[in-house]
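Student: Prediction below, plus the sequence it came from.
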Amino acid sequence: MKLYKLDAIILKSRDMREADKILTIYSIQRGKQRVVAHGAAKPTSRKRGAVQPFCYSSLMMHQGRELDSISQAELKEGFADLRVDLDRLTAAAYLAELTDNFVGEGEANQELFALLLSTLYLLAAGDVEMTLRAFEARLLLLAGLQPELNSCNHCGVPFKETKVWFGSEQGALLCQGCAAQEKKVAAFSRGTLEVMKTLYRFELTKLQQLKVSELLRKELNLLLRAYLEFHLEKRLKTIEFLDRLNKNRAQEGTNI
Amino acid sequence: MLYYSGPVARLVDEFAKLPGIGAKTAQRLAFHILNSPPEAAQSLAKALVEVRQSIKRCSCCCNLTDEELCPICRDTTRNGKLLCIVEEPRDVIAMEKARGFRGYYHVLHGAISPMDGIGPENLTLKELLKRLQSDEIEEVILAANSDVEGETTALYLARLIKPLGIKVTRIAHGIPVGSDLEYADAMTLNKALEGRGEFG
């Protein structure tokens, strides 16, 4: 019987059989991994509170034949503030789905773990939208896919015009001349690029100081989404619900 | 290679589709049916067909029933000012067994789960809103589960219902009866402390 310890963030939880759960976790030691939490749906379960999605817990693992199982769990941070706000809770679900889809199993990455954990802290307290954007930008960086924001990805000439174009076939930014030869392009302002550069430069904790206009936030969201969807080759399921909440907030006071 | 003759193989396959039943259990059940008197098999078959044909959603609360209105919605002695919203029909059974609630219910038939692509449109929200507008409901009790999907659903419903001027409450989180405080997790313990009441 082999036992080992993990410090992990719970990304996803699925029911299995009567009272068991299959969890997708991201740990500092082993990266993404699927594990079983036996009896976690029972009210008497001692680990139940520590294996809920978006919890940061210390887990004692028991090696299994197919999936390893959790034998003991201790909650380190439950992010209670996340769970009492619909926008924050949905943002956390998006964060978990994005991480789950972006990283492969068994690839430990301490920097990504630290990013995930600090993003959860910020989501529980800070500016939800900018926190998500900073996470997306940094996730691309950590995956080795940092976008080139200074010059055209086709001809290499530095951007001079006030607008740049994202070519969805190339998954990169283009200048006006190169964009004219592409079929599917979307225009973005240079200001958006500057905000994105700032996201890379700024420490996450100072994100609160960043003042970004509504228009630039919207563009930044679309630009980062275009990058992520190009690499993921699909749209995440949480996005639809997230967009619906944002839309309703824009029309403040109206019903959902 | 075919081990059973046609109808037996089909029965085993059908049993194996049920949750929690594997090939071995399916085989055992099939042979149990074969060994039992023909009437037992007929009454099982009849029960299966009947349940699918007659059970539908109550036109008021969306709970499962074999009539237009379920027995709870027909009961006029209940408190019409209280409406308890639950995820599944089995949650109504749990609440009724506890015998602590004498209002009416509304069954959502699921919970919002953005990660699985289950949105508000997949729940019985239209029926709920229609009810809230016409009935004399004064308080809505959100009794969705206390997992992430349940919390998302409760928060969404609170946002939806509050502008209508109806009081929205959420069932409390606390220590289960008969359990040790030592084994309670931090989140439950904090919630239990937050929701403490005057005593003695």
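Tutor: Arrived safely.
Student: mind checking pLDDT for the residue of chain B found nearest chain A?
Tutor: Closest approach between chain B and chain A, counting by Cβ to the nearest Cβ: B:D185, at 2.4 Å. Glycine gets a C-beta too; all of them are placed from N, C-alpha and C. pLDDT, B:D185: 78.
Student: and what of A:K2?
Tutor: The predicted local confidence for A:K2 is 87.
Student: cool, B:D147 as well?
Tutor: Per-residue pLDDT puts B:D147 at 88.
Student: what does A:L141 give?
Tutor: Reported pLDDT for A:L141: 90.
Student: could you pull out the helices for the stretch 151-256 of chain A?
Tutor: Assigned by DSSP state H, counting those that start in this stretch, the stretch 151-256 of chain A shows helices spanning A:176-179, A:190-201, A:214-232, A:238-250.
Student: May I ask you to confirm that the residue of chain B closest to chain A is in contact with A:G49?
Tutor: Yes. Using Cβ atoms under 8 Å, B:D185 makes contact with A:G49 at a distance of 2.4 Å.
Student: Identify the contacts common to these two.
Tutor: A:L75, A:G78 (Cβ atoms under 8 Å, 6 or more residues apart in numbering or on different chains).
Student: Please produce CSV containing the helices of the stretch 151-256 of chain A, extended by distance to B:L29 and mean neighbour count.
Tutor: Output for the helices of the stretch 151-256 of chain A, formatted as CSV (distance: least, Cβ to Cβ, whole Å; neighbours: other Cβ atoms under 10 Å in any protein chain shown):
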stretch, distance to B:L29, mean neighbour count
helix A:176-179, 65, 17
helix A:190-201, 59, 16
helix A:214-232, 44, 17
helix A:238-250, 40, 16
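Student: how about the ones you listed, which one is nearest B:M95?
Tutor: helix A:238-250 (27.8 Å; Cβ to Cβ).
Student: quick one, that closest one and helix A:214-232 angle?
Tutor: 170 degrees (axes from the mean of the first three to the mean of the last three Cα atoms, to 10 degrees).
Student: And the contacts of helix A:238-250?
Tutor: Contacts of helix A:238-250 (Cβ under 8 Å, 6+ apart): A:86-87, A:90-91, A:93-94, A:97, A:129, A:225, A:254-256, B:112, B:114-115, B:117, B:119.
Student: Among the residues you listed, name the buried ones.
Tutor: Among the contacts of helix A:238-250, those classed as buried by 16 or more other Cβ atoms under 10 Å in any protein chain shown are A:86-87, A:90-91, A:93-94, A:97, A:129, A:225, B:112, B:114-115, B:119.
Student: distance between the lowest-mean-pLDDT helix or strand in chain A and the chain's centre?
Tutor: Using mean pLDDT, DSSP states H and E, helix A:176-179 stands out as the lowest-scoring helix or strand of chain A, at a mean of 81. Relative to the chain's own centre, helix A:176-179 is displaced by 31 Å; criterion: Cα atoms, centre = their mean, to the nearest Å.
Student: same thing with stretch B:184-197?
Tutor: Distance, centroid of stretch B:184-197 to centroid of chain: 25 Å (Cα atoms, centre = their mean).
Student: just stretch B:161-169 next, same as before
Tutor: That offset, for stretch B:161-169, works out to 23 Å (Cα atoms, centre = their mean).
Student: right, is that stretch up against chain A?
Tutor: Yes. Looking at stretch B:161-169 against chain A by Cβ under 8 Å from any Cβ of the partner chain, the contacts come from B:P163.
Student: Start and end of that stretch, how far apart?
Tutor: In terms of Cα to Cα, to the nearest Å, the two terminal residues of stretch B:161-169 are separated by 11 Å.
Student: A:A93: which element?
Tutor: Assigned by DSSP states H and E, A:A93 belongs to helix A:86-102.
Student: what helices or strands is that helix leaning on?
Tutor: Applying 3 or more Cβ pairs under 8 Å, 6 or more residues apart in numbering or on different chains; DSSP states H and E, one finds that helix A:86-102 contacts strand A:3-16, helix A:110-125, helix A:128-142, helix A:214-232, helix A:238-250, helix B:148-161.
Student: do the fourth one and chain B meet at all?
Tutor: If I follow you right, that is helix A:214-232. No. If you take Cβ under 8 Å from any Cβ as the test, helix A:214-232 misses chain B, and the best it gets is 14.5 Å.
Student: Please name every helix or strand in contact with that helix.
Tutor: Other elements packing on helix A:214-232 under the criterion 3+ Cβ pairs under 8 Å, 6+ apart are helix A:86-102, helix A:128-142, strand A:185-189, helix A:190-201.
Student: I'd like the ones you listed as a markdown table, with distance to B:L83 appended.
Tutor: Output for those, formatted as a markdown table (distance: least, Cβ to Cβ, whole Å):
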| stretch | distance to B:L83 |
| --- | --- |
| helix A:86-102 | 21 |
| helix A:128-142 | 31 |
| strand A:185-189 | 46 |
| helix A:190-201 | 45 |
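Student: Can you tell me the centre-most residue of the chain?
Tutor: As the question left the chain open, I've gone with chain A. Chain A has A:L95 as the residue nearest its centroid, 3.2 Å off, counting by Cα atoms, centre = their mean.
Student: The intended chain is chain B.
Tutor: Centroid check for chain B by Cα atoms, centre = their mean gives B:E88 as the closest residue, at 1.7 Å.
Student: ok, now which ones touch that one?
Tutor: Contacts of B:E88 by Cβ under 8 Å, 6+ apart are B:V107, B:L108, B:H109, B:G110.
Student: Tell me the one of those residues nearest A:K32?
Tutor: So of the contacts of B:E88, ranked by how close each gets to A:K32 (Cβ to Cβ), first place is B:G110, at 27.4 Å.
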